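Asks: build me a structure from this.
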Amino acid sequence: MTAEEPRQTEKIAKRKAWAFTREGRPTFADALSGREGFNAFRRYWVTDNLWNVAHLAGHFGMKLLPMDTCSSLGATLGLFAVPRFHKVASQRARETIRALRPDLDAAGQEALFRENCRSQGRLMTEFSIVNRLQHSRDRLTLDGLDIIGEVAKSGPVIIVGMHLGNWEVGPTVLQSINVRPYAFYLPPKGRAKAWIAERVRSKAGLRFLPPGMDGIRPAIKILKSGGVVSMFCDEGFGGMIRGPFFDRKPHQEGNFALAIRLARMTGATICPWYSVRTKGFRFECRALEPIRLPASGDPNARLLDDMLLLNNAIEPIVRAHLDQWYFLDNALRPE
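Replies: Numbering: from 1, shown residues only. Now for the predicted structure:
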């Protein structure tokens, strides 16, 4: 699919407004209100807290390991756990591989899946050590990232990352070029996981925007003042790939539409970047050419072309690195 295809007359599925709500804290009165209230109370105060202790122990325990050992442990755990305990996701991943890499034989497709399992596992354990890269810059190779810093000096920027390699290196990489963005932040499920994620990312220099529709106004304000906002346009939601489009019909349900609308409203330049794992806990980080949207008297008239322009920059990179792509275990949208 190319940006030149005349498809403006077609209807595009629209993005639905979404507001984030935090889980309520059940009280003792809830526990006495009936079976449903008691189960919610027990889950929040007992079951969830057992998991919270396990997550905290694992996170801080892995901090004691050497960096390469921690990463390798994750690869081993991922290859063991993903096919055994995430069977639905594994099946989706294999189906997605068959659809996107029909050039590979069955053995090649299975090898790609297994490498993705290793990558998924590394991501989990590396969360404990990723901020050590601030003092081990030799593990990061930067290719063209300076262009983001140069663009940010002259106006607002929307940094578009990809879920490749380990994207948590982003704040460290961007700090090296004197860029400290605000990012839409959706806390992971589980109180301990959410606390760990916010702590690690805050220490890396990331500043947070509220998730969902509550973050739109602050993002616009930051961009209109010449600031920098970071987001991702490759995404999976509810087991379905929202982006890239992978030759499916474009839609407004994902972050492609959001990034384009923010850029049109604020005059921001879109700067895509990504990281790929080279060996173990080492990464190469690359910036693509900045995207400056063509002038248009009616921005909405170009929405489809603009989304395809951004998709066509990102999709080839994701296709080339499916073994490291986080959302490989989501299904392709129906054609």
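
Asks: and the pLDDT at the most centrally placed residue in the chain?
Replies: With distances taken as Cα atoms, centre = their mean, the residue of the chain nearest its centroid is His163 (4.7 Å). In this model, His163 is scored at 98, pLDDT.

Asks: check Gly78 too.
Replies: Reported pLDDT for Gly78: 98.

Asks: show me the longest strand that occurs in the chain.
Replies: Counting by DSSP state E, the longest strand found in the chain is strand 269-277.

Asks: hmm, who's touching that strand?
Replies: 119, 122, 145, 147-148, 151, 155-162, 164-167, 169-170, 173, 259, 263, 283-288, 290-293, 310, 313-314, 317, 321, 324 (Cβ atoms under 8 Å, 6 or more residues apart in numbering). C-beta: built from backbone N, CA, C; applies to glycine.

Asks: and the gap between the closest residue to Phe283 other than its chain neighbours and Arg139?
Replies: In this structure, Phe283 finds its nearest non-sequential neighbour in Ser275, 4.6 Å apart by Cβ to Cβ, 6 or more residues apart in numbering. Separation of Ser275 from Arg139 (Cβ to Cβ, to the nearest Å) stands at 11 Å.

Asks: give me the common contacts of those two.
Replies: Phe283.

Asks: which one of these two has more residues nearby?
Replies: Ser275 (25 against 16; other Cβ atoms under 10 Å).

Asks: residues touching the residue nearest to the centre of the chain, list them.
Replies: Phe232, Asp234, Glu235, Trp325, Tyr326, Phe327.

Asks: what do you get if the cut-off is 7 Å, keeping everything else the same?
Replies: Phe232, Asp234, Trp325, Tyr326, Phe327 (Cβ atoms under 7 Å, 6 or more residues apart in numbering).

Asks: contact partners for the fourth one?
Replies: I take that to be Tyr326. Contacts of Tyr326 (Cβ under 7 Å, 6+ apart): His163.

Asks: what are the ranges of the strands in the chain?
Replies: Under DSSP E, the chain gives strands at 140-143, 157-161, 182-184, 207-209, 228-232, 235-237, 240-243, 269-277, 283-287.
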